[in-house]
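Colleague: The sequence isn't on hand, but the structure is:
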């Protein structure tokens, strides 16, 4: 396989994975492109490489910046903005966890807190209350774990991961 073929396969695969994980396909493809780029790219270069509209490129670059996965880089003598991806995989994982937590776990926790007022008055409501409590306990433990991962250093995370797969 040649480099261009490998690059295309990686970018397309990341787009598909991104869609499966609930993020925009183009956002995942832009992130993939920036991850493997040896230098910062302009929005125009990204547009041309991925054959997308300028508006699509800009919108997804802003989202990646909001997630903390991409940064602007200024080049002396250039008026264009250039973009570079965070390349530290631990930092990438931490930032994705933080965003997924905000997007998915925090809204669930809010709903579960609202549902905590339901009283067990019969068999159906008792089962409902039981499940809400179990889901709340699980989401609470997940929240603590994700916070620990997000705030950990690479040695702790790598050591923990290795002990889990042994």
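Modeller: Nice, I can see it. Just so you know, these numbers come straight off a predicted model, no measurement behind them.

Colleague: Any buried residues in the strand or helix carrying residue 59, and which?
Modeller: Residue 59 belongs to helix 54-67 when elements are defined using DSSP states H and E. Counting neighbours by 16 or more other C-beta atoms under 10 Å, one finds that the buried residues in helix 54-67 are 56, 57, 60, 61, 63, 64, 67. For glycine as for every other residue, the C-beta is placed from the backbone atoms N, C-alpha and C.

Colleague: Just the pLDDT at the fifth one, thanks.
Modeller: With respect to pLDDT, residue 63 scores 95.

Colleague: Spit out the contact partners of it.
Modeller: Applying C-beta atoms under 8 Å, 6 or more residues apart in numbering, one finds that residue 63 lies in contact with 24, 27.

Colleague: Kindly recompute the last result at 10 Å.
Modeller: Each residue near residue 63 by C-beta atoms under 10 Å, 6 or more residues apart in numbering is listed here: 23, 24, 26, 27, 30, 31, 69, 70, 99.

Colleague: Among those, which lie within helices?
Modeller: Per DSSP state H, helices hold the following members of the contacts of residue 63: 26, 27, 30, 31, 99.

Colleague: What separation do you get for the nearest residue to residue 112 once chain neighbours are set aside and residue 111?
Modeller: Of all residues beyond its chain neighbours, the one nearest residue 112 is residue 136 (4.5 Å), with distances taken as C-beta to C-beta, 6 or more residues apart in numbering. Plainly put, residue 136 is 10 Å away from residue 111 if you go by C-beta to C-beta, to the nearest Å.

Colleague: So between the two, which is more surrounded?
Modeller: Here residue 136 and residue 111 are compared on neighbour count by other C-beta atoms under 10 Å; more neighbours surround residue 136, at 17 against 14.

Colleague: Specify which member of the contacts of residue 63 is nearest to residue 13.
Modeller: If you rank the contacts of residue 63 by distance to residue 13 using C-beta to C-beta, residue 31 comes first, at 12.3 Å.

Colleague: neighbours of the closest one, just the number please.
Modeller: Applying the criterion other C-beta under 10 Å, we find 25 residues in the vicinity of residue 31.

Colleague: if I look at it, how far off is residue 83?
Modeller: Following C-beta to C-beta, the distance that separates residue 31 from residue 83 is 10 Å.

Colleague: Which residues are in contact with each of the two?
Modeller: 61, 64, 70.

Colleague: tell me which residues of stretch 34-49 are tucked away?
Modeller: Neighbour-count burial for stretch 34-49, counted by 16+ other C-beta under 10 Å, picks out 34, 35, 37, 40, 41, 42, 43, 45, 46, 47, 49.
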